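J.: just coords:
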């Protein structure tokens, strides 16, 4: 049927007993097989345990690479990472709660409400109390939805706070105390002769004017941004002061760009103009700007270095009338 003689277990045992077949590893007695199997299982368990220990150390070192050891004492205030509104998928730090006692293995017994529960240090965060501030009376509050000056978009033009009255003059210039009396007198004389330069009121140059060349002369108009009601009085005052100083004037131009209010760190406001639409239709000025390396090469060997800080320099350059 199979083309060969069928041999079963009995035939194999008979051949071994008769010596007709050489006994090899394929034919083992039961006790030998069991001993070999036990030895193989024992070695496999040892290898598996060693590999598990190596992987555990590797994962532990990776997980603890940027970790800091947390240790709390009895009476410390902590925040506990707990489910919010009973939702285990959304965890937030809640508290503060008090540490009652350490429980070992980085576990701590905490007083949570009327219950005492044990939490691991990974779920705890030290609660730092704020320094108490002296009492004060709040007269009024104002909320301004805006950004700070440092975060302004580069496309926005900031208008500095207007200075209507002069607060600085040539008398505020500091003369080098190392000069002798004659040199100090000469310096004061020179500064006094250019008293209009040493002021915090912006001037206006007559040497040049700024021209904005447009790609398309078709008038554009952007929708005005709403101004908060609590800021409208300050905005109106700012515009009135700018009109007095001649920084701006009334215009009936068909072009319109919106203004927005920015709150400065000192609590004052700053008016900004959104010129993004105007910039998009302005012909780009390809005049290359000197690099720092070029400037350093030019001033190499110079004896005197002068730093000029202009009062609201952009306000001192008039715009061409054709715009």
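T.: Everything's here; your move. Because the structure is a prediction, the values reported are computed rather than measured. Residues are numbered from 1 along each chain as shown.
J.: which of the residues in stretch 228-239 are buried?
T.: Judged by neighbour count (16 or more other C-beta atoms under 10 Å), stretch 228-239 contains these buried residues: 231, 234, 238-239. All C-beta atoms are positioned from the backbone trio N, CA, C, and that covers glycine.
J.: What residues are bridge-paired with the nearest residue in space to residue 82 that is not next to it in sequence?
T.: Using C-beta to C-beta, 6 or more residues apart in numbering and skipping residues adjacent in sequence, the residue nearest residue 82 is residue 94, 4.9 Å away. Taking DSSP bridges as the rule, residue 94 bridges to residue 80.
J.: quick one, what contacts residue 94?
T.: Applying C-beta atoms under 8 Å, 6 or more residues apart in numbering, one finds that residue 94 lies in contact with 79-82, 84.
J.: pLDDT-wise, what's the bottom of those?
T.: Across the contacts of residue 94, the bottom pLDDT score, 84, is held by residue 84.
J.: before we move on, back to that, please tell me how far the residue nearest to residue 82 sits from residue 113.
T.: 11 Å (C-beta to C-beta, to the nearest Å).
J.: which SS class is residue 74?
T.: At residue 74, secondary structure determined by DSSP: H, G, I helix; E, B strand; the rest coil is coil.
J.: Contact partners for residue 236?
T.: By C-beta under 8 Å, 6+ apart, the contact list for residue 236 is empty.
J.: Next, find the distance separating the residue nearest to residue 82 from residue 227.
T.: For residue 94 relative to residue 227 (C-beta to C-beta), the value is 40 Å.
J.: try residue 17
T.: Taking C-beta to C-beta, one finds residue 17 at 109 Å from residue 227.
J.: Also residue 54?
T.: From residue 54 across to residue 227, the span is 66 Å (C-beta to C-beta).
J.: Comparing those two, which shows the higher neighbour count?
T.: Counted by other C-beta atoms under 10 Å, residue 54 and residue 227 do not tie: residue 227 has more neighbours, with 16 against 10.
J.: so the more buried one sits in a strand?
T.: No: counting by three-state DSSP, one finds residue 227 to be coil, located in no strand.
J.: Correct me if wrong: it contacts residue 261.
T.: Yes: counting by C-beta atoms under 8 Å, residue 261 is a contact partner of residue 227 at 6.1 Å.
J.: shared neighbours of these two, which are they?
T.: Here residue 227 and residue 261 have residue 235 as joint contacts, going by C-beta under 8 Å, 6+ apart.
J.: Can you report how many residues lie near residue 72?
T.: Neighbours around residue 72, by other C-beta under 10 Å: 16.
J.: Residue 126 too?
T.: A count of nearby residues for residue 126, using other C-beta under 10 Å, gives 13.
J.: Then residue 168?
T.: By the criterion of other C-beta under 10 Å, residue 168 has 13 neighbours.
J.: hang on, it in a helix?
T.: No: applying three-state DSSP, one finds residue 168 to be coil, outside a helix.
J.: And for it, nearest residue in space, chain neighbours not counted?
T.: Nearest non-adjacent residue to residue 168, counting by C-beta to C-beta, 6+ apart: residue 200, 4.3 Å away.
J.: Just the pLDDT for that neighbour.
T.: The score at residue 200 is 73. That number is its pLDDT.
J.: before we move on, what about the one 3 residues further on?
T.: As summarised for this prediction, residue 203 has a pLDDT of 78.
J.: distance of the residue lying closest to it once chain neighbours are set aside from residue 268?
T.: With C-beta to C-beta, 6+ apart as the criterion, residue 203 has its nearest non-adjacent residue at 5.4 Å, and that residue is residue 316. Distance of residue 316 to residue 268, given as C-beta to C-beta: 22 Å.
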